[in-house]
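Enquirer: Have a look at this prediction, sequence included:
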Amino acid sequence: MSLIHRKKRPDDNDSQAEEEQDEKTTKFHTRTHNNKRIKKYSCFDNCCWLVGCICTTWWLLLFLYNTLPASFPQYVSEKITGPLPDPPGLKCVKEGLGPKHPVVFVPGIVTGGLELWEGHECADGLFRKRLWGGTFGEVYKRPSCWLQHMSLDNKTGLDPSGIKVRPVSGLVAADYFAPGYFVWAVLIANFARVGYEEKNMYMAAYDWRLSFQNTEVRDRTLSRLKRNIEMMVEINGGEKAVIIPHSMGVLYFLHFMKWVEAPAPMGGGGGSEWCAKHIKAVMNIGGPLLGAPKALAGLFSAEAKDIAFVRGIAPGVLDSDVFHIQTLQHIMRMSRTWDSTMSMIPKGGETIWGGLDWSPEEGYIPRNKTQGNNDTLSTQNESHGKGSQAKNPNYGRLISFGRDVAETHSSQIERVDFRGAIKGNNHANKTCRDVWTEYHDMGLGGIKAIADYKAYTAGDLVDLLEFVAPKMMVRGSVHYSHGLADDLGDPKYQHYKYWSNALETKLPIAPDMEIYSMYGVGIPTERAYVYKLTPQTECYIPFQIDNTAGDTNPHVCLKDGVYTVDGDETVPALSAGFMCAKGWRGKTRFNPSGIKTYVREYDHNPPSNLLEGRGTESGAHVDILGNFQLIEDVLRVATGASGEDIGSDRVYTDIFKWSEKINLKL
């Protein structure tokens, strides 16, 4: 059979090609649809991916941290910036220096660890675990329980019933505040390089929440410090001790020097020659000898410059009542039970800090670090002061309600005295008992009276705090005084409430002793505040730093409602340096035996890169404990040098000019 072939027409080929193309297109769209359906992730999937990426990154970094040599960050940093200088301890060893005088470290507020010895049921399993310092894990796990155990009794200023929180002992008490965040660790390590060990190093840990005298009443801390110094002097061949206090520890040791010589039972009974026999030098680091405005802001509204800054970038977060967090209210309730905070209220009144229309730092302008020596800087400041149209801040007005009040001459301000104002009760009294602050007892009339007084100088501060926080000040007035003595021979100054105020007490009779004021400068430091009334809410703090008050003029020093001057970011240079610059210099009524004093300022120089950590030239309040220049100065004195040997005074600010403006009878 023959096969008959039919010839295909051209249009038949086209039709077949189109069919094949349609089939391919259909398959492509099907695959695309399926792919899209496969790639569509849920919110849960995205969260899992995010958690996985974070965990992977974390484990990778942890692996690198544990496998790379400890010197790797230093190696990379040296490649970037060049070789780092030798640590001070190694430098002193190369010069043949070794241990001579035993040293005592006195930590400041909040830097010492606290551990639980007895607590309520919510704190089960925390025996001898750190409630303060370390990882702070309990803050996140059980915040209300943590607040309860960290607070003191609002009437006695001691332990609440059923709670015992005690200071950690030994060098580990304050070597690190948290993992990786050193306090005394760098200084201790450099002492160890020179040859020091625990037989000639002692950390005088104490419960920094208590009033200074109550550390003796409850824990016998002052007695233990006295005996440890005596023992260290004895076992080190009679060499006197070098005392190194930091921050509030400076005030604590000032109190100790009066306590140790005072007769029992109020004092330690060591006699008038105890300090002369046992102390070679007191090297105060970042000491708020005249107080700190930052402490005032903390007690008044539980905030400071950093809180005002946070409010500026995230309005409403700290003040919100979502989930009933009330963060600042809880902080205020807790911190107002810590009597130690009242030791740092500015002292000396208007004589020291200035009045409504003057202050020692009047005309201050931030230094330009590209300039040379101090004379050049002073000339620069004077020229800016003459040519600038900006108003000089009235630093003497520590608190002003409104920027206009802060800048207007006092003759144009109408002030209504708050002292006789009638208080009332807020409607919040019944709903906010879990986060009660004394503001809830003031009433709207009392709150308005505070704002109507407009401007507060250092002479008004005690009355202000007694009005807004009377229960706190009842305790505080027993333990601290913030005045200026007219006659130091008055028997009343033998009471312990005056011993931590450098303006109401005398230094010991110890002519061979030395006292140093060592502090950082070159960082804007809180000096005065612009406040405003806050909107009335159920559980609120009625006063708030006005973070909208600021100025772009670099000579005004006003940002986020805070006026700043030169200092270490926490303590103004005036407070840290005045006593050694003038009040104690030579034979004065505050320094009857003429103990030699030295002012040592350390100009802040931040780290050049992240690998340098917090830097070796930092002047910040805590970071200065890792400053190589400061550590070298301390080591040289501990190994036998005197103040003249390390260069006597070294200043970058106008501390001596500011001191001369203060009309203080010496």
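Expert: On my side now, so go ahead.

Enquirer: Run through the strands of the stretch 151-300 of the chain in chain order.
Expert: For the stretch 151-300 of the chain, strands defined by DSSP state E, counting those that start in this stretch occupy the ranges 164-167, 176-178, 181-182, 201-203, 241-245, 279-285.

Enquirer: low-confidence ranges in the stretch 451-600 of the chain?
Expert: 536-539, 554-555 (pLDDT under 70).

Enquirer: Tell me which other helices or strands the strand or helix carrying Leu116 touches.
Expert: If you go by DSSP states H and E, Leu116 is part of strand 114-118. Using 3 or more C-beta pairs under 8 Å, 6 or more residues apart in numbering; DSSP states H and E, the elements in contact with strand 114-118 are strand 130-132, strand 164-167. The way it works is simple: take the backbone N, C-alpha and C, and place the C-beta from them, glycine included.

Enquirer: wait, which of those strands is closest to Trp353?
Expert: Minimum separation from Trp353 across these (C-beta to C-beta) falls at strand 130-132, 31.1 Å.

Enquirer: Quick one: mean pLDDT for the closest one?
Expert: For strand 130-132, mean pLDDT rounds to 93.

Enquirer: Okay, now the sheet partners of that strand, with direction.
Expert: strand 114-118 (antiparallel) (DSSP bridges).

Enquirer: Dump the C-alpha coordinates for the partner strand into CSV.
Expert: What follows is strand 114-118, C-alpha atoms only, in CSV (Å, rounded to 0.1, in the frame of the first residue of the first chain):
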residue,chain,number,x,y,z
LEU,A,114,26.3,44.6,97.1
GLU,A,115,25.1,41.1,97.9
LEU,A,116,22.1,39.6,99.6
TRP,A,117,22.4,37.9,103.0
GLU,A,118,18.8,37.8,104.0
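
Enquirer: for it, which positions count as buried?
Expert: Neighbour-count burial for strand 114-118, counted by 16 or more other C-beta atoms under 10 Å, picks out Leu114, Glu115, Leu116.

Enquirer: same deal with stretch 519-532?
Expert: Of the residues in stretch 519-532, 519-532 count as buried by neighbour count, 16+ other C-beta under 10 Å.

Enquirer: Export it to PDB, keeping only CA atoms.
Expert: Output in PDB follows, covering the C-alpha atoms of stretch 519-532 (Å, rounded to 0.1, in the frame of the first residue of the first chain):
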ATOM      1  CA  TYR A 519      40.200  65.100  88.400                       C
ATOM      2  CA  GLY A 520      39.400  65.100  84.700                       C
ATOM      3  CA  VAL A 521      38.600  68.300  82.800                       C
ATOM      4  CA  GLY A 522      37.600  69.100  79.200                       C
ATOM      5  CA  ILE A 523      34.100  67.500  79.300                       C
ATOM      6  CA  PRO A 524      30.800  69.500  79.600                       C
ATOM      7  CA  THR A 525      29.700  69.000  83.200                       C
ATOM      8  CA  GLU A 526      26.300  69.800  84.700                       C
ATOM      9  CA  ARG A 527      26.100  73.100  86.600                       C
ATOM     10  CA  ALA A 528      22.600  74.500  86.400                       C
ATOM     11  CA  TYR A 529      19.200  73.400  85.000                       C
ATOM     12  CA  VAL A 530      16.200  74.900  83.300                       C
ATOM     13  CA  TYR A 531      13.000  73.200  84.600                       C
ATOM     14  CA  LYS A 532       9.300  73.200  83.700                       C
END
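
Enquirer: Give me the distance between that stretch and the centre of its chain.
Expert: In terms of C-alpha atoms, centre = their mean, to the nearest Å, the centre of stretch 519-532 is set 12 Å apart from its chain centre.

Enquirer: Hmm, Met472 is touching Met332, no?
Expert: No - with contacts counted by C-beta atoms under 8 Å, Met472 stays clear of Met332, the gap being 10.0 Å.

Enquirer: Tell me which helix or strand the closest residue to Asp649 other than its chain neighbours sits in.
Expert: What sits nearest to Asp649 in space, not counting adjacent residues and going by C-beta to C-beta, 6 or more residues apart in numbering, is Val599, at 4.8 Å. Take DSSP H and E as the rule and Val599 turns out to sit in strand 596-603.

Enquirer: so after that strand, what's the next helix or strand?
Expert: Immediately after strand 596-603, counting by DSSP H and E, sits helix 628-638.

Enquirer: Not counting its own residues, what contacts that next one?
Expert: 85, 87-89, 91-92, 97, 99-101, 103, 186-187, 190-191, 194, 196, 242, 244, 280-281, 283, 285, 514, 516, 518, 600, 602, 616-617, 624, 643, 645-646 (C-beta atoms under 8 Å, 6 or more residues apart in numbering).

Enquirer: my read: Val521 touches Asn605, true?
Expert: No - in this structure Val521 lies outside contact range of Asn605 using C-beta under 8 Å: 11.1 Å.

Enquirer: So for the two, which residues contact both of them?
Expert: Contact criterion C-beta under 8 Å, 6+ apart; residues bridging Val521 and Asn605 by contacting each: Gly619.

Enquirer: State the three-state secondary structure for Thr525.
Expert: For Thr525, the reduced secondary structure class is strand; criterion used: DSSP: H, G, I helix; E, B strand; the rest coil.

Enquirer: ranges for the helices of the stretch 1-150 of the chain?
Expert: For the stretch 1-150 of the chain, the helices defined by DSSP state H, counting those that start in this stretch cover 10-39, 43-67, 72-81, 88-94, 137-141, 143-150.

Enquirer: what bits of the chain have low per-residue confidence?
Expert: Using pLDDT under 70, the chain drops low at 1-45, 62, 64-84, 307-326, 368-391, 425-436, 536-539, 554-555, 610-612.

Enquirer: Quick check, central residue of it?
Expert: When the chain is reduced to its mean C-alpha position, the nearest residue by C-alpha atoms, centre = their mean turns out to be Thr570, at 5.6 Å.

Enquirer: and it, backbone torsions?
Expert: The phi/psi pair for Thr570 (degrees, to the nearest 10) reads phi -120, psi -50.

Enquirer: buried stuff in stretch 259-268?
Expert: Trp259, Val260, Glu261, Ala262, Gly267, Gly268.

Enquirer: Just the residues you listed: which are in helices?
Expert: Trp259, Val260, Glu261 (DSSP state H).

Enquirer: ok, those vs Phe418, which is closest?
Expert: Ranked by distance to Phe418 (C-beta to C-beta), those are led by Trp259 at 35.9 Å.

Enquirer: Identify the residues contacting the residue nearest to the closest one when sequence neighbours are not counted.
Expert: Counting by C-beta to C-beta, 6+ apart, Gly267 is the residue found nearest to Trp259 once chain neighbours are left out, at 4.9 Å. Contacts for Gly267 (C-beta under 8 Å, 6+ apart) come out as Lys258, Trp259, Val260, Glu261, Tyr496.

Enquirer: Let me know the closest of those residues to Gly363.
Expert: Nearest to Gly363 among the contacts of Gly267: Lys258, at 36.6 Å, using C-beta to C-beta.

Enquirer: Count the neighbours of the closest residue to the closest one other than its chain neighbours for me.
Expert: Closest residue to Lys258 apart from its sequence neighbours, by C-beta to C-beta, 6+ apart: Trp499 at 3.9 Å. By other C-beta atoms under 10 Å, 26 other residues sit near Trp499.

Enquirer: Phi, psi for Trp499 please.
Expert: phi -70, psi -20.

Enquirer: How about residues contacting stretch 454-463?
Expert: Identification of contacts with stretch 454-463 by C-beta under 8 Å, 6+ apart yields 296, 345-350, 352-356, 396-402, 405-406, 410, 413-415, 419, 453, 464, 473, 482.

Enquirer: circling back to that earlier point, turn the buried residues of stretch 519-532 into CSV, columns for distance to Gly586.
Expert: Converted to CSV, the buried residues of stretch 519-532 look like this (distance: C-beta to C-beta, whole Å):
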residue, distance to Gly586
Tyr519, 21
Gly520, 26
Val521, 24
Gly522, 28
Ile523, 30
Pro524, 32
Thr525, 28
Glu526, 31
Arg527, 28
Ala528, 31
Tyr529, 35
Val530, 39
Tyr531, 40
Lys532, 45
